[in-house]
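Trainee: Got a predicted model here, sequence first, then my questions.
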Amino acid sequence: MNNEVRVRFAPSPTGYLHLGSLRTALFNYLFARHNNGKFILRIEDTDQSRKVEGAVENLINIFNEMGLNFDEGPGIGGDFGPYFQSERLDTYKKYCDELLAKGHAYYSFETAEELEEMRRVQLTQGKQTMYDRRARQLTENEVKEKLASGIPHVIRLKVPLDSEIRFTDLIRGNVKIETNQVDDQVLLKSDGYPTYHLANVIDDHLMNISHIIRGEEWLTSVPKHIILYNAFGWKVPIMAHVPLILNPDKSKLSKRQGDVSTEDFLKKGYLKETLLNFMALLGWHPGEGEDREIFTIEELIGLFNIERVNSAGAVFNIEKLNWMNAEYIKQYDIDKLTELVIPYLNAGGIDTSDSAKTKRVVVAIRNYINKLDESAEQAGIYYKKVEMDAAQREITGTEISKQIFDNLILKVESLLEITIDNFKPVVSQVQKETGIKGKDLFMPLRLALTGVEHGPELGLIAYVLGKEEVLKRIKQVNQ
RNA sequence: GGCGCAUUAGUGUAAUUGGUUAACACGCCGCCCUCUCAAGGCGGAAAGUACGGGUUCGAUCCCCGUAUGCGCUACCA
């Protein structure tokens, strides 16, 4: 027996990665890495009606992009494959037969309509809606006959009655549920595919999963799983059910109220570092005395502790996400950032072939954007032609303006080049020498350089345009 | 309806597992910087810990009840 930590992320391939799933996966990842364990991907594709083409490839791509690497899974390999549940049907069948043989499961032959009718009646009687376990009454011969005549059937879990299941959740503590509340869950569907509950338990056991970290929506089905583990005589993995992520109105985070897919956030220009950092802190905190909120993934791994995950749902606050993303953008390595920004610039119709200028532009705009898709808009001013209307031309044409321009031209010409912070002192110098200050000084300059009355600080603009262009633009206005 | 889980400023969280003026961050407001817009700096408003009972010398923290929210209640996961 070894104590290796092995956790899994087990999504059903729905076509995109929900933020809630990303966080669940992240918690699994952090937990695995923190404990030098293994992080496994298993695809739960047992619902044939919900199959989505290309979903698995897409999923794996996103994880690669996010830098969350699996140790085992589809396309990666591992000793416990296959990692698609749809390829493990024989295994489920075999274990289901074992359950049948041991009397922990039974055949059931109701049609969908019969079940619906049963539920309808229960509802009108104000009773709990669950399978009334009627097929438990079938005699051995009746079952044999029905089987022989080819009536479609499912196999159900024979839940032990009048007892109680207790378990400990790493996040929630002790939970207790009476078995009479537990449905005789279908284990094997009439199409021969297992339900989540059966496949999940068998795979977690066979794949040596030590800890199950998954969404809160599974909490109430834990008793079914425990009954199964017990029926097989298997050890129950340690459980941790993480809280849900909520919309601002506290409902479960859903597509109706905005984007929920990780891909969408990436597309808008939220950095993967931001997303990881932010999602980790949504419902988790490293503990007392820690006021930082910006963490690298390595730091998160070092700090992570599943027991410190909060047990209440957390509202997804996009304002704070924006703030954090802006923080990352401001600190990011400039070359890497430039590389990331270029596609957004191009998408906005900006030509980035002058790579030196592009980099200067990124330096200039990084303090002004929350996410990368705002880049083109912010950068526009650096690529726009100077066009002034009559009123603006009047400002740049005054005697005062001419004085400023003449003075400035000489100074700029003597500069080797305009750097990020040497233009401002030059303007101050002009101010001293001409006695012109404030708006009178800056507005003519701003207009001459950009043709616009608002914008980033002049020093930045001059830096991006460069010495040559600055002189050219001022001289053009100063004719 | 039944069962389960949750509940600290608008939001995310903290509070040495009973003793603090209940802290930090986002957001908001104001001031400073300043040609403008951001960024940055400084400051402020904002919860008496859902409510009601206990236990205790003392409860955000432990127990019970109520309310509210959410989850589950499928041959979906």
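Mentor: The structure has been received and is ready for your questions. Numbering: from 1, shown residues only, chains lettered A, B, ... in the order given.

Trainee: Tell me how many other residues surround A:V186.
Mentor: Close neighbours of A:V186, defined as other C-beta atoms under 10 Å, add up to 19. Any C-beta I mention is one placed from the backbone N, CA and C, and that applies to glycine too.

Trainee: Quickly list what it is bridged to.
Mentor: When bridges are called by DSSP bridges, A:V186 pairs up with A:R156.

Trainee: how close does it get to RNA strand B?
Mentor: Distance, A:V186 to RNA strand B, using C-beta to the nearest atom of the strand, to the nearest Å: 3 Å.

Trainee: Surely that residue touches A:P194?
Mentor: No - the pair A:V186 / A:P194 is not scored as a contact, 9.2 Å apart, by C-beta atoms under 8 Å.

Trainee: any idea how far RNA strand B is from A:I62?
Mentor: Using C-beta to the nearest atom of the strand, we find A:I62 at a distance of 17 Å from RNA strand B.

Trainee: contacts for the helix or strand hosting that residue?
Mentor: Per DSSP states H and E, A:I62 falls inside helix A:55-66. Contact with helix A:55-66 is made by A:11, A:13-17, A:22, A:25, A:41, A:43, A:45, A:69-70, A:73-75, A:84, A:262-263, A:266, A:272, A:275-276, as judged by C-beta atoms under 8 Å, 6 or more residues apart in numbering.

Trainee: Next, the buried residues of that helix.
Mentor: For helix A:55-66, a neighbour-count test (16 or more other C-beta atoms under 10 Å) marks A:55-56, A:58-60, A:62-63, A:66 as buried.

Trainee: What is the least confident helix or strand in chain A?
Mentor: Lowest on mean pLDDT, DSSP states H and E among the helices and strands of chain A sits helix A:390-396, with a mean of 85.

Trainee: what's near enough to touch A:N317?
Mentor: A:N317 touches A:P248, counting by C-beta under 8 Å, 6+ apart.

Trainee: What distance do you get for A:L282 to A:I212?
Mentor: 20 Å (C-beta to C-beta, to the nearest Å).

Trainee: what does the stretch 101-250 of chain A have sitting close to RNA strand B?
Mentor: A:110-112, A:115, A:119, A:126, A:128-131, A:152, A:154, A:172-178, A:181, A:183, A:186, A:189-191, A:193, A:195-196, A:216-221, A:243-244, A:246, A:248, A:250 (C-beta under 7 Å from any atom of the strand).

Trainee: for chain A, which spans come out with low pLDDT?
Mentor: Along chain A, the parts satisfying pLDDT under 70 run over A:1-2, A:256-258.

Trainee: Kindly recompute the last result at 80.
Mentor: Within chain A, the segments meeting pLDDT under 80 span A:1-2, A:51, A:126, A:251-252, A:254-259, A:288-289, A:478-479.

Trainee: residue at max distance from the center of it?
Mentor: Distance from the C-alpha centroid of chain A, by C-alpha atoms, centre = their mean, peaks at A:E399 (57.9 Å).

Trainee: which residues does A:G349 contact?
Mentor: A:G349 sits next to A:A376 when contact means C-beta under 8 Å, 6+ apart.

Trainee: so it, which of the three states?
Mentor: For A:G349, the assignment made with DSSP: H, G, I helix; E, B strand; the rest coil gives coil.

Trainee: now the strands for the stretch 251-400 of chain A?
Mentor: In the stretch 251-400 of chain A, the strands defined using DSSP state E, counting those that start in this stretch lie at A:314-315.

Trainee: Residues of it that sit close to RNA strand B?
Mentor: Neighbours of RNA strand B within the stretch 251-400 of chain A, by C-beta under 7 Å from any atom of the strand: A:251-252, A:281-285, A:287-288, A:291, A:293, A:308, A:310-315, A:317, A:319-320, A:322-323, A:326-327, A:330, A:367-368.

Trainee: Give me the subset of those residues that lies in helices.
Mentor: Members of those lying in helices (criterion: DSSP state H): A:281, A:319-320, A:322-323, A:326-327, A:330.

Trainee: Would you show me how to pick out the buried ones of those residues in PyMOL?
Mentor: Burial among these is assessed by 16+ other C-beta under 10 Å; the matching PyMOL selection reads:
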select buried, chain A and resi 281+322+326+327
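
Trainee: helices or strands up against the longest helix along chain A?
Mentor: For chain A, the helix with the greatest residue count under DSSP H is helix A:458-477. Using 3 or more C-beta pairs under 8 Å, 6 or more residues apart in numbering; DSSP states H and E, the elements in contact with helix A:458-477 are helix A:355-365, helix A:399-414, helix A:423-434, helix A:439-450.

Trainee: in the stretch 1-150 of chain A, which spans are helices?
Mentor: Ranges of helices in the stretch 1-150 of chain A, per DSSP state H, counting those that start in this stretch, are A:19-34, A:55-66, A:89-102, A:112-124, A:140-148.

Trainee: which of those sits most buried?
Mentor: helix A:19-34 (a mean of 24; mean count of other C-beta atoms under 10 Å).

Trainee: Pull that helix out as CSV, backbone CA atoms only.
Mentor: Once non-C-alpha atoms are left out, helix A:19-34 reads as follows in CSV (Å, rounded to 0.1, in the frame of the first residue of the first chain):
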residue,chain,number,x,y,z
LEU,A,19,-14.8,28.6,-15.2
GLY,A,20,-16.1,26.5,-12.4
SER,A,21,-14.5,23.4,-13.9
LEU,A,22,-11.3,25.3,-14.4
ARG,A,23,-11.2,26.1,-10.7
THR,A,24,-12.0,22.5,-9.7
ALA,A,25,-9.2,21.4,-12.0
LEU,A,26,-6.9,24.0,-10.6
PHE,A,27,-7.5,22.9,-7.0
ASN,A,28,-6.8,19.4,-8.1
TYR,A,29,-3.6,20.5,-9.8
LEU,A,30,-2.4,22.6,-6.9
PHE,A,31,-3.2,19.8,-4.5
ALA,A,32,-1.3,17.2,-6.6
ARG,A,33,1.7,19.4,-7.1
HIS,A,34,1.9,20.5,-3.5
